[in-house]
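> This is a predicted model, with the sequence first.
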Amino acid sequence: MQSLLFFLVVIPSAIIHEYAHGWMADQLGDPTARYAGRLTLDPRVHVDKWGTFLLPALLYFMTGGAFLFAYAKPVPYNPYNLKNQKWGPLLVALAGPASNLILALIFGLAVQLLGYSSFTMMLSVVVYANVLLAVFNLVPIPPLDGSKILYAILPDSMWKVRQILEQYGFFILLIFILFFFHWISPAIQYLYLLFVGGLSIF
């Protein structure tokens, strides 16, 4: 039941995440997402067959329900349209995780104000899902947002690192999920407990 609730929460959270990318890009001078009709919270334009349905199902069975993740269709944007060519892509990349942390903060405050109940237990799932989305997306492996942040601060002399990540990113990410996800679990748990005021249901 909790896995189903998590799945129902993570989809709209992922959609807001993608919307935030498009909104930030639009604010910084790139209207690509707006012209493509993606600056909307309508789920019909954001659903991705693989990332929204098949991937979470695959991860659920591969990890025995220990890890569940989904994403919406990436919002298109042209970094060459951004007013700030150096830091613009980094801000666009950060907008997605930032939107999830804001959601986690809002619902976390609701949990703290309302106190422990079956309703706040459901709200805490929203907090956890958004913290997970934020932290996981900051991992510097393509296609996650963390890779865009890494590229923005990586010296040009290390272009080979970017080439390897772009070429083998999917496989590196899969290995990370299966064997190294515990590296970021403490950060997820810490932020979750911080937002909900120490109330733990996980």
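Received, thanks.
> what about the residue lying farthest from the centre of the chain, distance to H21?
Ranking residues of the chain by C-alpha distance from their mean position (Cα atoms, centre = their mean) puts S157 at the top, at 28.8 Å. Distance of S157 to H21, computed by Cβ to Cβ, to the nearest Å: 28 Å. C-beta here means a position set from N, CA and C on the backbone, and glycine is covered the same way.
> If you count neighbours, what's buried in the helix-or-strand element of the chain with minimal mean pLDDT?
Across the helices and strands of the chain, mean pLDDT, DSSP states H and E gives its lowest value to helix 55-62, namely a mean of 73. By neighbour count on 16 or more other Cβ atoms under 10 Å, the buried set for helix 55-62 is 55-56, 59-60.
> Report the next helix or strand after that helix in sequence order.
helix 88-114 (DSSP states H and E).
> Okay, buried residues for that next one please.
In helix 88-114, counting by 16+ other Cβ under 10 Å, buried: 88-101, 103-105, 107-108, 110-111.
> where does the chain dip in pLDDT?
1-3, 63-68, 199-202 (pLDDT under 70).
> quick one on the thing from earlier: the residue farthest from the centre of the chain: what secondary structure?
State at S157, reduced to three classes by DSSP: H, G, I helix; E, B strand; the rest coil: helix.
> Kindly provide the distance from it to I149.
According to Cβ to Cβ, S157 and I149 sit 18 Å apart.
> And W87, by the same measure?
Distance, W87 to I149, using Cβ to Cβ: 10 Å.
> The two: who's more crowded?
I149 (20 against 14; other Cβ atoms under 10 Å).
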